[in-house]
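> A predicted structure for the sequence below; I have some questions about it.
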Amino acid sequence: MLTTKARGLADLPPVQSDSLLNLIALCNADPRPEKIDVGVGVFRDAEGRTPILKVMKDAEQILHDTQETKAYLGSAGDKRFAELLRPILLGEHADDDRILGVQTPGGCGALRLGFELIATANPNARVLMGTPSWPNHAPIVEAVRLERVDYPYYERAQAVIRFEDMIAALGNGEAGDVALLHGCCHNPTGADLSEEQWRQVRDVVVERGLIPLVDIAYQGFGRGLDEDAYGVRLMLASCDEVIVAQSCDKNFSCYRDRVGSLFLKTASPADSAKAMAHVFQRSREMWSMPPDHGAACARIILDDPDLRDRWLVELAGMRDRINAVRQRLAEAHPRLAFIGQHFGMFSMLPLSKEQVLKLRDDHAIYMADSGRFNVVGMSDAQIGRFTAAVVEALEA
Ligand SMILES: Cc1ncc(COP(=O)(O)O)c(C=O)c1O
């Protein structure tokens, strides 16, 4: 007879829920019509909408009219999609046969695969991760059971990158450790490395024998497609082994379609092929193959010169709005001037959690407890009210 009760699902511990998802739910439930949601991480236009790109709508129509089968594509997903991304992401390294790429379910899927690969190759590798970082980085690293070592990245009160501390911490890395770096448009701070800083990071990465894993989820949202890929390409030029986790979900504005890619480089085409075989093995275990629709549409766009040009124009439109709102906020008050120096959708306000909650209660302004806010979360019409409320909170 069984004496001890078997453990079941009811015995699971409670989960610490994702605070950003909670924030979205709270904001949705707020009946105040004037509410401002700068917590969510999607691009919004001047009217506060997240429209489907016009070129994406046309690509969807083309896909609808021309797709003849939905038979399996295999673990690599849409191979042509990954091929067409090469010049955009890799630039002058596009023809390097030591670099191989594969479609993934968004940037998140690429990150998970990249870390799975590291954990398979070297379970003792440590992941050097900046603080703060995108809140999902740490859970992904923990999921593959790699040890995480934080390095200081940003000082919120002064709105500066703690560059010397970062370099010193990376200098303590050991050969085979992974340096997790944000390619551009740092989330959550918006504070990007300058090209000179990238070169210094490259020097320490090379000197210590670290493997750079560059997460580039916002290419084209900062300075431009090529400028935003500077760090990725510098690492590819300098290191034998590099992993790049890429997302098209933002720059094609197709968040829910889950479009991304993983690129890896080793010292030889044969080693890269072997590593890629492991990637396929891992993805087969996790999701078998990536979803087709979004990547197929991105492929249709990139494969056609006219559609591609239209995408570049729409992408520039998103970038211009981000940078225009940044300038408006920066010019509104000296304490907001730093926002004009940053890139991408996010910056961090030096507010206490209490101040963030007060903004929520008094002004229906929803942002993360950390003070991270989406500069294009608000419509143009809401900018004045947002700025006034934030300045009042900062000066309180
Ligand atoms: C820094 C960073 N990396 C990766 C991702 C994941 O992107 P995706 O939605 O394509 O999985 C995000 C999304 O917010 C991000 O901010």
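That came through fine.
> show the pLDDT at P14.
On pLDDT, P14 comes in at 89.
> doesn't it lie inside a strand?
No. Assessed with DSSP: H, G, I helix; E, B strand; the rest coil, P14 is coil; it does not lie in a strand.
> now do stretch 49-65, average pLDDT.
The average pLDDT within stretch 49-65 is 98.
> extract the C-alpha trace of it and format it as PDB.
In PDB, the C-alpha atoms belonging to stretch 49-65 read as follows (Å, rounded to 0.1, in the frame of the first residue of the first chain):
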ATOM      1  CA  ARG A  49      -2.000  52.600 -32.800                       C
ATOM      2  CA  THR A  50       0.200  49.700 -33.700                       C
ATOM      3  CA  PRO A  51      -0.800  49.300 -37.300                       C
ATOM      4  CA  ILE A  52       0.200  46.400 -39.500                       C
ATOM      5  CA  LEU A  53       2.700  47.700 -42.000                       C
ATOM      6  CA  LYS A  54       1.100  48.400 -45.400                       C
ATOM      7  CA  VAL A  55       3.800  46.400 -47.100                       C
ATOM      8  CA  MET A  56       3.100  43.500 -44.700                       C
ATOM      9  CA  LYS A  57      -0.500  43.500 -45.600                       C
ATOM     10  CA  ASP A  58       0.400  43.300 -49.300                       C
ATOM     11  CA  ALA A  59       2.900  40.500 -48.600                       C
ATOM     12  CA  GLU A  60       0.100  38.600 -46.700                       C
ATOM     13  CA  GLN A  61      -2.100  39.000 -49.800                       C
ATOM     14  CA  ILE A  62       0.600  37.600 -52.000                       C
ATOM     15  CA  LEU A  63       1.200  34.700 -49.700                       C
ATOM     16  CA  HIS A  64      -2.500  34.000 -49.600                       C
ATOM     17  CA  ASP A  65      -2.700  34.000 -53.400                       C
END
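> packing partners of the host helix or strand of L307?
In this structure, L307 sits in helix 305-332 according to DSSP states H and E. Helices and strands touching helix 305-332, by 3 or more C-beta pairs under 8 Å, 6 or more residues apart in numbering; DSSP states H and E, are helix 54-66, helix 293-302, helix 383-395. Placement of C-beta: from N, CA and C, glycine included.
> out of these, deepest packed?
Of these, the one with the most neighbours on average (mean count of other C-beta atoms under 10 Å) is helix 293-302, at a mean of 24.
> figure out how far that one is from the centre of its chain.
With C-alpha atoms, centre = their mean, to the nearest Å as the basis, helix 293-302 stands 19 Å off its chain's centre.
> dump that helix to PDB, restricted to CA.
This file holds the C-alpha atoms of helix 293-302, laid out as PDB (Å, rounded to 0.1, in the frame of the first residue of the first chain):
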ATOM      1  CA  HIS A 293       3.400  32.800 -41.800                       C
ATOM      2  CA  GLY A 294       5.400  35.900 -40.600                       C
ATOM      3  CA  ALA A 295       8.800  34.700 -41.900                       C
ATOM      4  CA  ALA A 296       7.200  33.800 -45.300                       C
ATOM      5  CA  CYS A 297       5.800  37.400 -45.500                       C
ATOM      6  CA  ALA A 298       9.100  38.900 -44.500                       C
ATOM      7  CA  ARG A 299      10.700  36.700 -47.200                       C
ATOM      8  CA  ILE A 300       8.300  37.900 -49.800                       C
ATOM      9  CA  ILE A 301       9.100  41.500 -48.900                       C
ATOM     10  CA  LEU A 302      12.900  41.100 -48.900                       C
END
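> and it, is it in reach of the ligand?
No. Judged by C-beta under 6 Å from any ligand atom, helix 293-302 and the ligand are separated, with a smallest distance of 9.8 Å.
> mind listing the residues bridging to V244?
Beta-bridge pairing of V244 under DSSP bridges involves V214, F263.
> residues in contact with it?
89, 110, 183, 213-214, 216, 232, 236, 262-264 (C-beta atoms under 8 Å, 6 or more residues apart in numbering).
> cool, I161 as well?
Contacts for I161 (C-beta under 8 Å, 6+ apart) come out as 153-155, 191, 193, 197.
> show me where this structure has helices.
19-29, 54-66, 79-90, 106-121, 137-143, 163-170, 195-208, 225-228, 230-238, 269-286, 293-302, 305-332, 353-363, 383-395 (DSSP state H).
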